[in-house]
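>>> What shape does this take:
(2 chains)
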Amino acid sequence: MSLLTEFPEMSRTDLRDFKKGIDGAFKEFNKAYGEGIEGFFKPLLYALKWFEDLLVDTPWPLMLVIIALLVWLGSRSWPLVAGTVISMLVIGYLGMWEDMMYTLALTTVATLVCIVLGIPVGILMAKSNRMQAIITPILDIMQTIPAFVYLIPIVIMLGIGLVPGLIAVIIYAAPPVVRLTNLGIRLVDTDILEAADAFGASSRQKLWTVQMPLALPNIFAGVNQTIMMALAMVVVASLLGVHGLGLEVLKAVNNQYITLGFMNGLAIVAIAIVFDRTSQKFGKRLQKHSEVIHG
Amino acid sequence: MKKLLATAAIATIGMGGTAMAEECGDITMADFNWASATLVANVDKFILEEGYGCDVELIVGGTSAIFASMDGKGEPMIAGEQWVNSVRELVDVALDEGRLHAVNRAPILGLGEGWWIPSYTAEAHPELTTVLDWIEHPELFPSAEDPSKGAFVGCPSGWGCQQVNISLFEAFDMEAKGWVLVDPGSAAGLDGSIAKANEREENWLGYYWSPTSIIGKYNMHPLPYGVDYLGNDYWNSCITQPDCPDLRPTSYTVSEVFTLVTDDFMQTGGEINDYLAARVYPGTVMNSMLVYMDDEQADGEDAAIEFLISHEDVWMEWVSSEIAEKVKAAL
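Model (predicted):
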């Protein structure tokens, strides 16, 4: 009877040895290659640090003008520019300007890395069913595995600070841009591709002049989701000692400071909304543009 | 005065208590929710049950919950590893009014918070001993984000010790000496940064506390500060407060850990109080046991048996040879 009620588990000592074995192998790997891997990320660290310092050291009025200009260039919407400026002023007035700049720096760099790595991977997935079969489960893991699980090995390999924080953010935020690039290319009408074939387009020409432009709205939706997810990960990145709004949220959580928590949490929301609306409007403008051409 | 009262109480019980020894009865004991305390509780349980014939029930809880219950309701009767600093005023009142007694004022040696470096760092620079010496050499601890500065790893954001470390960082004028205060963000970040430094034999200077498996596993070396402790009043009114105008270098406050018993138990516990008073864990032994618990993922009960088997020399001194024999037989 107990055969059915008790699950046939691995024995406790075997299980322990199994876990210790893998931990030990990781530590050996870290000893052998950790320094090299850390060195590999050094340029990224210095770039990120430089960008962070740039945002923090730029006088705030100038920064405000630059942000407003970027929002206008992206969205061409005066109400959105006004909303952005007002929320930035409120955030600054409540003493969160510097933290906001740290958070902006991290999410901007994380998003750029996600786009630079994610779009080629998405194209690769769209070109080959086998690649899609391999990459899809990896993306599933990246999106669902609890962040705390990979934080520990990342910290042991790379220490605490910006780079481990950035990597944690990228792991979680990269999948949408990959998935939607893949989806966007695959959704391009086969009739249109046949037409392109009929005109004798090479596969490269087909990709850049037909598939990518038609997939742009989807790719933009992916970028937009990536930005949102990067912002959502700011607090987790702070568990590794990354400066910014997330660290203040952690402080609030540890001390039951309700107001401090909401202030910093809502500041993250405000940045998210600005990013979201701007990138959505930018995406829509691109789409309109392409509709004119094809229409 | 407090001490006098406590010793007087111990003396009276010591005389009247021997008759009680035969039947010990039911005892409730706190099992705090951290590793060293659960080990202490389980070792006590084993020795009291097998050696003294008691029936011990462990009550699980955190520092303030257990203390409130002991102080208010007299349950549990014994708290083996009560950290005093966080509830100092309440403890003082309870001791003064005789509701509780501190039968042992240092059950674990060498414990407390402070600043630590790996032992290989200490060995590489025998000429540097105190914090005052080490903070003159930020170049030994280059920060990852800005290698021209030294990294001092403080206490995670939002913990009580965060402000203390910020104050001490300023009081020792470390920014001007070329240091940055690194916020590790979380316990995982702090532990991870120590683990990473040790795996690669990199230098590390920062905040931690003992007894912990991290200190034991990596054989971390506590730094003396090279300055006097300026007293609890100064500590509580300045170092623990933000923006104190009068920051001066001081050593870290000493963490006090007591073994507390209720007044009832003080009167009736007999020789068990003598056992509790004699039961002192050397710091290195405690840390090595915590490493064992961590490595083997052992719970308090397993760890207690491991301790009793592998550290006979330590615990045999706590009890009479007759009781030691009984405990050994039960192992």
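>>> for the spatially closest residue to B:Tyr218 that is not a sequence neighbour, phi and psi?
Leaving out its chain neighbours, the residue that sits closest to B:Tyr218 by Cβ to Cβ, 6 or more residues apart in numbering or on different chains is B:Asn198, at 4.3 Å. For the C-beta atoms, the positions are set from N, CA and C on the backbone; glycine is no exception. Dihedral angles phi and psi of B:Asn198 (degrees, to the nearest 10) take the values phi -70, psi -40.
>>> any idea how far B:Asn198 lies from B:Ala188?
Going from B:Asn198 to B:Ala188 by Cβ to Cβ, to the nearest Å gives 16 Å.
>>> Skip ahead from the helix or strand hosting B:Val103 and say which helix or strand is next.
Assigned by DSSP states H and E, B:Val103 belongs to strand B:100-104. Using DSSP H and E, the next helix or strand after strand B:100-104 towards the C-terminus is strand B:112-118.
>>> one step back: tell me what the strand holding B:Val103 is packed against?
If contacts are counted by 3 or more Cβ pairs under 8 Å, 6 or more residues apart in numbering or on different chains; DSSP states H and E, strand B:100-104 sits against helix B:2-16, helix B:88-96, strand B:257-262, helix B:263-268, helix B:271-278.
>>> which residues does residue 210 contact?
I'll assume chain A. With contacts defined as Cβ atoms under 8 Å, 6 or more residues apart in numbering or on different chains, the neighbours of A:Val210 are A:Val188, A:Ile192, A:Leu193, A:Ala196, A:Ala201.
>>> hm, I was asking about chain B
Residues in contact with B:Ser210 (Cβ under 8 Å, 6+ apart) are B:Gly110, B:Leu111, B:Gly112, B:Met220, B:Pro222, B:Gly283, B:Asn287.
>>> give me the element B:Ser157 is part of.
Going by DSSP H and E, B:Ser157 is not part of any helix or strand.
>>> In the contacts of B:Ser210, which residue is surrounded by the most others?
Ranked by neighbour count (other Cβ atoms under 10 Å in any protein chain shown), the contacts of B:Ser210 have B:Asn287 at the top, with 26 neighbours.
>>> B:His311: what's it in contact with?
By Cβ under 8 Å, 6+ apart, the contact set of B:His311 is B:Val285, B:Met289.
>>> where does B:Met15 land on pLDDT?
pLDDT, B:Met15: 42.
>>> what element comes up after the lengthiest helix in chain B heading to the C-terminus?
Longest helix in chain B, counting residues (DSSP state H): helix B:35-52. Later in the chain than helix B:35-52, the nearest helix or strand by DSSP H and E is strand B:54-61.
>>> which strands and helices sit next to that next one?
The helices and strands touching strand B:54-61, judged by 3+ Cβ pairs under 8 Å, 6+ apart, are strand B:25-32, helix B:35-52, helix B:63-73.
>>> Highest mean neighbour count out of those?
Compared across these, helix B:35-52 shows the largest average neighbour count, a mean of 24 (mean count of other Cβ atoms under 10 Å in any protein chain shown).
>>> what distance separates it from the centre of its chain?
17 Å (Cα atoms, centre = their mean, to the nearest Å).
>>> helices or strands up against that helix?
Packed against helix B:35-52 by the contact rule (3+ Cβ pairs under 8 Å, 6+ apart) you find strand B:25-32, strand B:54-61, strand B:78-83, helix B:271-278, helix B:283-296, helix B:300-310, helix B:321-330.
>>> mind listing what's buried in stretch A:266-280?
A:266-268, A:270-275, A:277-280 (16 or more other Cβ atoms under 10 Å in any protein chain shown).
>>> can you tell if that stretch touches chain B?
No - contact of stretch A:266-280 with chain B (Cβ under 8 Å from any Cβ of the partner chain) is absent, the minimum separation being 15.7 Å.
>>> hang on, the earlier thing: between the helices and strands packed on strand B:100-104, which has the poorest average model confidence?
Among the helices and strands packed on strand B:100-104, helix B:2-16 carries the lowest mean pLDDT, a mean of 46.
>>> number of nearby residues for the closest residue to B:Asn85 other than its chain neighbours?
Nearest non-adjacent residue to B:Asn85, counting by Cβ to Cβ, 6+ apart: B:Ser255, 5.6 Å away. Residues contacting B:Ser255 under the criterion other Cβ under 10 Å number 15.
>>> quick one: contacts for B:Ser255?
Neighbours of B:Ser255 in contact, by Cβ under 8 Å, 6+ apart: B:Trp83, B:Val84, B:Asn85, B:Leu111, B:Gly112, B:Glu113, B:Trp209.
>>> Between the buried residues of stretch A:266-280, which sits nearest A:Gly122?
Nearest to A:Gly122 among the buried residues of stretch A:266-280, counting by Cβ to Cβ, is A:Ser279 at 16.9 Å.
>>> got the phi/psi numbers for the closest residue to A:Gln280 other than its chain neighbours?
Closest residue in space to A:Gln280, ignoring its immediate chain neighbours: A:Asn224 at 6.0 Å, by Cβ to Cβ, 6+ apart. The phi/psi pair for A:Asn224 (degrees, to the nearest 10) reads phi -60, psi -50.
>>> Check A:Asn129 and give its pLDDT.
A:Asn129 is assigned a pLDDT of 94 by the prediction.
>>> Can you say which helix or strand has the residue in the stretch 101-250 of chain A positioned nearest to chain B in it?
Proximity of the stretch 101-250 of chain A to chain B (Cβ to the nearest Cβ) peaks at A:Val155, 3.0 Å away. If you go by DSSP H and E, A:Val155 is part of helix A:147-158.
>>> So which bits of that helix are buried?
For helix A:147-158, the neighbour count (16+ other Cβ under 10 Å) marks A:Ala147, A:Tyr150, A:Leu151, A:Pro153, A:Ile154, A:Val155, A:Ile156, A:Met157, A:Leu158 as buried.
>>> just checking, the second one touches A:Ala168?
The reference is to A:Tyr150. Yes - using Cβ atoms under 8 Å, A:Tyr150 is in contact with A:Ala168, at 7.1 Å.
>>> how far is stretch B:228-238 from where the chain is centred?
Between the centre of stretch B:228-238 and the centre of its chain there are 20 Å (Cα atoms, centre = their mean).
>>> any weak-confidence spans in chain B?
With pLDDT under 70 as the threshold, chain B has low-confidence stretches at B:1-23.
>>> what does it put close to chain A?
Proximity of chain B to chain A is confined to B:144-146, B:153, B:156-159, B:162, B:182-186, B:188-189, B:192-193, B:195-197, B:199-200, B:295-297 under the rule Cβ under 8 Å from any Cβ.
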